[in-house]
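Undergrad: Sequence first, then the predicted structure:
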Amino acid sequence: MNILTLVAPERLSPGDVSAASDALRGIDAQLGMTGWIDRDKACDVQFRGAEVAAARAAVDALGLPIDIFVQPRATREKQMIIADMDSTMITVECIDELADYAGIKPQIAAVTEAAMRGELDFAEALDARVALLKGLAATAIDRCHEERVRLMPGARTLVQTMRARGSHSVLVSGGFTAFADRVGAAIGFAKVIANELLIDGEALAGTVAKPIVDSDTKLKTLRAEASVHGIPIDATLAVGDGANDIPMIEAAGLGVAYHAKPKTEAAAAAAVRQGDLTALLYAQGIPRREWVAD
C-alpha cells in the first residue's frame, strides 16, 4: 500500500482531495482509506495498483497550490534526517552574505547560483569564491551570523520533533563550520559537518581546509551515519536545494527538494514548493498536536 499526502500552506479543501483522488483513479490506482492528518492542512489518500512515480506525476499535473508526497506506507516515518544548511535550514547563502561585507556580493552570488544549479564544479567554485574573500576581517563572520543568518521557518520544529521520536539528525553543509556549528546547535542537530574557513591572523586567508565537503561527502555521510546507527536507507530523509545535494537526495528513502533549483527538483522523489519545512512532518503522518514547538 502507498500513501499520497497532500499538504497546503494555507487551506487544503475537500475539492483538492477529491481532484487528487480522481487523478489516481485516472491511472488505474485502487484507492483505500482517505484521512485527515490535520483538518484543512494535510490529508492522506491510500492506494495500490499504481507506481509511486506515476502517482506523483498524475497529481502534480493538476497544478494545485499544495505540496505532495507519494511513498510506501510501511516506511513513511523516518528514523534519520540529513539536511543541507544554506537556503534549506537557513534562509540565506552565508558566503554571499559574507561577500556583502567585502563589497562583492553580486560577483560571488552569481557564482553561487551557477554552482547550485549544477553548472559549475562545486569544489572549484567554492575555492574561487573564498579566494575573493581574502583579507576580509574575521570579525565579519560573527557580524554576518548575527545580522543575516535566520532559521528557515519550520526548521527547528522539524528536527526537534523527529529527534523527540527517536530519529538521528545530521546537518551536512558545503558552507562553513563558523556558521554551521551555531546553526546546528540552534536547530538541534545531533551532528554537524561543514567546511572550515581558514583564518590568517585577524583576516580570512582566502582558503578552506581540504578535503572540501561536497556532494560526495554528503552521500557518504548519509550512508555512514545510517550504517553506524543501524538505520535502513529506506528509513532516511534527505532535504536540500542545490545540485550538490542531489546524490544524497537520490539515495535517501525520501529525498526532498526544498524550494530548490530545477536540476535538484528533477532528481528528487518529492518537492516542497509551497510550504515550509513542517511539510516534512506531515509527509511522515505526524499531526500538529505531536510537534515539538519552537
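TA: Cool, the structure landed.
Undergrad: give the contact list for residue 18.
TA: If you count contacts by Cβ atoms under 8 Å, 6 or more residues apart in numbering, residue 18 has none. All C-beta spots, glycine's among them, are computed from the backbone N, C-alpha and C.
Undergrad: Surely it forms part of a helix?
TA: Yes. According to DSSP: H, G, I helix; E, B strand; the rest coil, residue 18 belongs to a helix.
Undergrad: Roughly how far does it sit from residue 59?
TA: Separation of residue 18 from residue 59 (Cβ to Cβ, to the nearest Å) stands at 12 Å.
Undergrad: before we move on, what about residue 91?
TA: Distance of residue 91 to residue 59, given as Cβ to Cβ: 28 Å.
Undergrad: who has more neighbours, those two?
TA: residue 59 (26 against 14; other Cβ atoms under 10 Å).
Undergrad: what's near enough to touch that one?
TA: Residue 59 sits next to 4, 6, 20, 23-24, 68, 70 when contact means Cβ under 8 Å, 6+ apart.
Undergrad: try 7 Å
TA: Each residue near residue 59 by Cβ atoms under 7 Å, 6 or more residues apart in numbering is listed here: 4, 20, 23, 68.
Undergrad: The second one: how many residues sit nearby?
TA: Put plainly, it is residue 20. Residues near residue 20, counting by other Cβ under 10 Å, number 25.
Undergrad: nearest spatial neighbour of it, skipping sequence neighbours?
TA: Distance criterion Cβ to Cβ, 6 or more residues apart in numbering; nearest residue to residue 20, sequence neighbours excluded, is residue 59 at 4.8 Å.
Undergrad: did I read that right, the one you found in a helix?
TA: Yes. Under three-state DSSP, residue 59 falls within a helix.
Undergrad: separation between it and residue 16?
TA: Plainly put, residue 59 is 10 Å away from residue 16 if you go by Cβ to Cβ.
Undergrad: just the strands in the stretch 101-250 of the chain please.
TA: 168-176, 191-195, 197-200, 203-208, 236-240 (DSSP state E, counting those that start in this stretch).
Undergrad: As TSV, those strands with distance to residue 97 would be great.
TA: Listed next are the strands of the stretch 101-250 of the chain as TSV, based on distance: least, Cβ to Cβ, whole Å:
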stretch	distance to residue 97
strand 168-176	11
strand 191-195	15
strand 197-200	13
strand 203-208	14
strand 236-240	19
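Undergrad: Please identify the most buried of the ones you listed.
TA: Among the strands of the stretch 101-250 of the chain, strand 236-240 has the highest mean neighbour count (mean count of other Cβ atoms under 10 Å), at a mean of 29.
Undergrad: Show me the contacts of residue 59 that map onto helices.
TA: Among the contacts of residue 59, the subset assigned to helices under DSSP state H consists of 20, 23.
Undergrad: Specify the residue positioned farthest from the middle of the protein.
TA: residue 201 (35.1 Å; Cα atoms, centre = their mean).
Undergrad: one step back: can I get the contacts of residue 59 in a markdown table with pLDDT?
TA: Formatted as a markdown table, the contacts of residue 59 follow (pLDDT from 0 to 100):
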| residue | pLDDT |
| --- | --- |
| 4 | 98 |
| 20 | 98 |
| 23 | 98 |
| 68 | 97 |
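Undergrad: Just flag the most distant two among the contacts of residue 59.
TA: Pairwise distances across the contacts of residue 59 peak at 10.0 Å for 23 and 68 (criterion: Cβ to Cβ).
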